[in-house]
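Trainee: following is a predicted model, sequence given first.
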Amino acid sequence: MEILIVEDELGIMQFLQQGLEEEGFIVTTASDGLIGLDLAQKGHFDLLLLDWMLPKMSGLDLCKTFRMTNKGTPILFLTAKDTTQETIQGLQAGGNDYIKKPFDFSELLERINIHFRNKKIETRLHLGEIIINIDEYTVTNCGQEVGLTQREFELLKFLVLNKGKVCTRKQIIEEVWDIHFNYDTGVIDVFINAIRKKLKLKVEQDYIKTIRGVGYMVSDLT
């Protein structure tokens, strides 16, 4: 796992770099915001660790700019700022977490590990030639983008996340529609048919199987 630290206080930077490298992380450092942004945009880091107050470009502006092209990489702010408004600013800019200086390294390490555990959730799901990009909210089939509605996207994503398992109508209506009372599950059939049509699935490419009287199951064709 690779981490980019952008911190202008040399002592803190060296402390963080040594501690994280001892934990097995690959660490790159920058001492000002512009260099940090350049490294972040050109590299493939698993997490950014940003000081708020930086020379040339603040951590907040670095975060905002980076988020224009990268929505998924976790960003954790290290700062002496601790007001509610400043916390909100950091989160609205695209930050995922916030830890106040001075901090305990073990707490920081645990927060980093939590974000890495969360990041392990697959963001690109595959079903044969179909690719679902959860971060970008897009679906392609054989390289061609498919325009699904939000509900269709969520339904297809739920089925693919449960690939190889039978998803009952009750499970689907509860998980995708968030309905937990008696409801006409026939609406699911309408959405499944719409998804099949938009994906332009041929008979030999029908990844979505109807389990009569029960629900649906998706699986890769063999």
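Mentor: On my side now, so go ahead.
Trainee: pull out the buried positions in the helix or strand hosting Gly90.
Mentor: Per DSSP states H and E: Gly90 is located in helix 84-92. Neighbour-count burial for helix 84-92, counted by 16 or more other Cβ atoms under 10 Å, picks out Glu86, Thr87, Gln89, Gly90. Placement of C-beta: from N, CA and C, glycine included.
Trainee: using CSV, lay out these together with pLDDT and distance to Asp178.
Mentor: Below are these laid out as CSV (pLDDT from 0 to 100; distance: Cβ to Cβ, whole Å):
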residue, pLDDT, distance to Asp178
Glu86, 71, 33
Thr87, 72, 29
Gln89, 78, 31
Gly90, 77, 29
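Trainee: low-confidence stretches in this structure?
Mentor: In the predicted model, the chain carries pLDDT under 70 at residues 81-84, 118-122, 202-205, 221-222.
Trainee: domain ranges for it?
Mentor: 2-119, 124-218 (automatic domain parsing).
Trainee: just to revisit the earlier point, from the buried residues of helix 84-92, which is closest to Ser31?
Mentor: Gly90 (20.3 Å; Cβ to Cβ).
Trainee: so Ala80 makes contact with Lys100?
Mentor: Yes: here Ala80 reaches Lys100: they are 6.8 Å apart, a contact under Cβ atoms under 8 Å.
Trainee: what sits closest to the residue minimising distance to the centre of the chain if chain neighbours are left out?
Mentor: A centroid search over the chain (Cα atoms, centre = their mean) returns Gly72, at 4.6 Å, as the residue closest to the centre. Spatially, and ignoring its direct neighbours in sequence, Gly72 is nearest to Asp135 (4.6 Å; Cβ to Cβ, 6 or more residues apart in numbering).
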